[in-house]
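> Can you look at this prediction? I've put the sequence above it.
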Amino acid sequence: MDAPVPLLPAPAAADRLGPDWLPGPAREGLTSTPFGLYVHVPFCATRCGYCDFNTYTADELGPGAGRAEYAGTAIAELRAAADVLGPDRPTVSTVFVGGGTPTLLPADDLAAVLAAVRELFPVADDVEVTTEANPESVGPASLARLREAGFTRVSLGMQSAAEHVLAVLDRRHTPGRAVAAAHEARAAGFEHVNLDLIYGAPGETDADWTASLDAVLAAPVDHVSAYALIVEPGTRLARRVARGELPMPDDDVLADRYELADATLRAAGFEWYEVSNWATSRTARCRHNELYWADAHWWGIGPGAHSHVGGLRWWNVKHPAAYADRLARGESPAADRELLTDADRALEAVMLGLRLRDGLPLDRLSAAGRARAAEAVVRGLLEPGAHQAGRAVLTGRGRLLADAVVRDLSD
Amino acid sequence: MAGTVTTPAATDPARIRNFCIIAHIDHGKSTLADRMLEVTGIIEARQMRAQYLDRMDIERERGITIKAQNVRLPWRPESGEQAGTEHVLHMIDTPGHVDFTYEVSRSLAACEGAVLLVDAAQGIEAQTLANLYLALENDLTIIPVLNKIDLPAAQPERYAAELAHIIGCDPDDVLRVSGKTGEGVPELLDAIVTQIPAPEGAADAPARAMIFDSVYDIYRGVITYVRVVDGRISARERIKMMSTGATHELLEIGVISPEPKPVDSLGVGEVGYFITGVKDVRQSRVGDTVTLQHRPAEQSLGGYRDPKPMVYSGLYPIDGSEYQLLRESLDKLLLNDAALVYEPETSAALGFGFRVGFLGLLHLEIVRERLERESGLSLISTAPNVVYRVVMEDGTERTVTNPSDWPGGKIATVHEPVVSATIIAPSDYTGTIMELCQSRRGSLTGMDYLSESRVELRYTLPLGEIIFDFFDALKSRTRGYASLDYAEAGEQEAQLVKVDILLQGEPVDAFSAIVHKDKAYSYGVMMAGKLRELIPRQQFEVPIQAAVGSRVIARETVRAIRKDVLAKCYGGDITRKRKLLEKQKEGKKRMKMVGRVEVPQEAFVAALSNAEPSKTGK
């Protein structure tokens, strides 16, 4: 069979991990660009109906892929990453453990992963180390252990303070549990605590949403993420909507909820810094997520994890068993990859930058894009002051129409 | 058979029988014709292709006959006075649809008799009845036949009585056949010989032959089917078309049996084909009289008329770059379709396309389907409209075939075409049908009970009222039992207005329609409502208005979009989101701009497709 001529080393039999794995051009700027590590933990106790993340509820998935062995497998990829990056290996400025439910692993396992990071990479003094957690899977003891191991930030999936909303989302914790867990995290010494909220779930009322926001503000958190519910194809929620059992979230309702969240959070001292993220100060922002939006470098560890280094994006095979198998054979777990063209990168810069409070320098736009930016100011989508100062920054209305503005301003 | 009395060109008219078969779609005409080919032995059973005589794919698939074919069958009756004597039967196949009434009438004019073929499980349908009346007007001998007697649901007694009632014969005179099994077919052929008169004509008079069909063949050019009335037409003579005076050399003359077979000449009463090398069926028009150049007849056979489009629709390629292909495809269809007319038109909303005139709705559908199938085009067709005659207050007159051309000045009167329609249905549905016809501005002109349980209703209806969805409405209100036929019946004055649809104050030409003033409001509300669903929300509010002149009669609003942002964009989302963005930008390029409003092509297709012609006749 004739194979097409690969533009990049094909992710096939020849895809041995090692210093040659990363193509030369992608190594440029490796040491000067901020670098983070993402570690994916692909396990959950149950699957929530709205979730399309790469996660599994079984605890035994095959050699190297079970919960008990998972930390070791992840450390194997960390080792391979360090090997690939070789002498240029950059300083780790952030680590983010996400999932899935990272806290389904024993705190000692997460600590071991973090210890491996410190062993294999130079790590910045002020490194931010976040773990996601489900409120029901942490407690004072595990939080204390994580803090002791070097974790600096906890992000808790609260979603809602309304019991019936949690039920629609298939969340298992009780409404008060997330706030209690936030208190426990503070007590364990975490300076940075985030609560995640989802709005617009079927059956949620304005009053439910107000109550959720109030509950968050009563908790000792310095960061809030609030996401409009997305009905992702292939999820149980999508099937229930398709069958007519649940209504599709209404865009106007979502817009109302967003505006209410923004106003409520701002009044309580939280400022937006990305379309769906609010923080009490610049230091309370999630620096790891800012890496994504700043087009910086990160290596994603774990099945299905995505990485970006120097314009090369790749993503790992999704199943934990396939992932573990590849690593065991010394092969890259990458399922596929793409080398971004200049046009891709320009488009991504607009797409990502516009979502940020800091916005996008106007000189990142083409001449036509700049002309349309001026129109967007007139239409109330971009801040006039920031525009004067040479940046495209979305207004409140503009944030709700961010994708349309991106389409408009990009070529 | 060479040398016998029935050799082409030497056949005694007394041994010729010319007949056609009048039948409703699905009543089994083509199958019966197939059995006749078999029984007369001109084609062997194993060569038999189902529905041998229907040649075009669409005809075969839809099981309907669009273009008439004809075939010469030898037959030696086993019964009757002529038993044992060889005869020639010319079967002239007639188109079975209301759009082709004129072609039917010409086919009938080429015959002395007609087989009235009716499904023994369904009874006579409106179009069959209309064609029967046409045959009776032409003084044709009618042989009533019930088909499909092999079906378990057949009720031959009941429908024989119905047929006897309609044509005034004895129920026992109604023959019974099965096109499927062949039962009764020889008896039918015998009856054709004994009952249908032989053709009469003056063998020594100047030649006159009537064209009852012409088709374009890519290898041979136009093949013209004729019935010789007087005199004789021989190969290599120059013929003259009496409607235009054009002359052509006869390259070939022959009979179909069932494949084309050249002969030396055709004499009185004979049916055959000729080829002159012309490339366009317009030069060989159905109904025209053919004579010889060197000894021309003085009088044509009469009955010829130019095909007149009754229904117009704009056809636009969905992909604007296919405009040239659409033009070429129409040009190609034109070779084979003398009734098709078109001219380029430009729509602000739909781009470049053609305004196309059709004989009726089936014609429209067939043309559209052939364009899509044979040329691979994807088309949008605007809502069909009829031809209006508009008299202005200053006395000038305009013919309007496109709502966009509706005059803006002071209008004195508007005239619309009307049809006389025949509807046959079970009598239980009489009330429902009357309601429907009334709502379409129909007026009842007559009503007859064909039997105790079946009624025939006759209405005068504006053509414009039945080209949208009348047939669908009729079918659904009568559970599919009603059948419809109509024929043009002049024009009437009517209070018609043009309703414009405006997006943000900009009229969208593709959605303009001419409607009765009492229906302007409901059209406006319907269209505005439909567009409100179809037009995506924009960053600003989009008013949709329906207006008659400057008066707004309906209004809807597409509210401004408030949320167009994906909540999450983290590491794993970036590639996916960029690809989505690229796709959205691609989609944006395909949007049509109406003023500042972006309207997706699909919205036009959807808005227009619901207002598309009903599947009349299917």
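Great, that's in hand.
> okay, and for chain A, where does confidence drop off?
Scanning chain A for pLDDT under 70 picks out A:1-14.
> just checking, what's the longest helix in it?
helix A:67-85 (DSSP state H).
> could you list every residue that touches residue A:233?
Counting by CB atoms under 8 Å, 6 or more residues apart in numbering or on different chains, residue A:233 makes contact with residue A:52. To be clear about C-beta, it is placed using only N, CA and C from the backbone, and glycine gets the same treatment.
> From residue A:200, how far off is it?
17 Å (CB to CB, to the nearest Å).
> And the residue of the stretch 251-400 of chain A closest to chain B?
residue A:255 (3.8 Å; CB to the nearest CB).
> Just name the shakiest helix or strand of chain B by mean pLDDT.
Scoring the helices and strands of chain B by mean pLDDT, DSSP states H and E places helix B:57-62 at the bottom, with a mean of 52.
> Tell me the secondary structure of residue B:343, please.
Under DSSP: H, G, I helix; E, B strand; the rest coil, residue B:343 falls in the strand class.
> So for it, what's the pLDDT?
pLDDT recorded at residue B:343 is 92.
> pLDDT wise, what is the closest residue to it other than its chain neighbours at?
Once flanking residues are discounted, residue B:343 sits nearest to residue B:355: 5.8 Å by CB to CB, 6 or more residues apart in numbering or on different chains. pLDDT for residue B:355: 93.
> Which strands or helices does the helix or strand encompassing residue B:355 pack on?
Using DSSP states H and E, residue B:355 falls within strand B:351-358. Judged by 3 or more CB pairs under 8 Å, 6 or more residues apart in numbering or on different chains; DSSP states H and E, strand B:351-358 is in contact with strand B:311-317, helix B:323-334, strand B:341-347, helix B:361-375.
> Hey, what's the angle from it to helix B:323-334? Just curious.
Per axes from the mean of the first three to the mean of the last three CA atoms, to 10 degrees, the angle that strand B:351-358 makes with helix B:323-334 is 10 degrees.
> quick one: contacts for the nearest residue to residue A:18 once chain neighbours are set aside?
Nearest residue to residue A:18, sequence neighbours excluded (CB to CB, 6+ apart): residue A:83, at 6.1 Å. Contact partners of residue A:83, counting by CB under 8 Å, 6+ apart, are A:17-19.
> domains of chain A?
For chain A, automatic domain parsing gives the domain ranges A:19-293, A:342-411.
> Of all those, which one is nearest residue A:316?
Across the domains of chain A, residue A:316 has its closest neighbour in domain A:19-293 (8.1 Å, CB to CB).
> Span of the closest one from start to end?
Distance between the two ends of domain A:19-293: 27 Å, counting by CA to CA, to the nearest Å.
> Ok, stretch B:283-299 next?
Using CA to CA, the end-to-end distance of stretch B:283-299 comes to 20 Å.
> Repeat that for stretch A:165-173.
11 Å.
> So what touches that stretch?
Stretch A:165-173 has contacts (CB under 8 Å, 6+ apart) with A:45-50, A:134-136, A:157, A:159-160, A:174-175, A:198, A:201-204, A:208, A:212, A:236, A:246.
> just checking, which of those belong to strands?
A:157, A:159, A:198 (DSSP state E).
> What about the last one, how many residues nearby?
Spelled out, it's residue A:198. For residue A:198, the count of nearby residues is 25 (other CB atoms under 10 Å in any protein chain shown).
> do the one 3 residues further on as well
If you count neighbours by other CB under 10 Å, residue A:201 ends up with 24.
> which residues touch it?
Contacts for residue A:201 (CB under 8 Å, 6+ apart) come out as A:50, A:160, A:165, A:168-169, A:229, A:249.
> Report the rounded mean pLDDT for stretch B:113-133.
89.
> oh, I was asking about stretch B:359-372
When pLDDT is averaged over stretch B:359-372, the result is 84.
> So the residue nearest to residue B:343 is in contact with residue B:346, correct?
No - the criterion here is CB atoms under 8 Å, and residue B:355 misses it with residue B:346 at 10.1 Å.
> who has more neighbours, those two?
Set side by side, residue B:355 and residue B:346 show more neighbours around residue B:355, with 20 against 12, by other CB under 10 Å.
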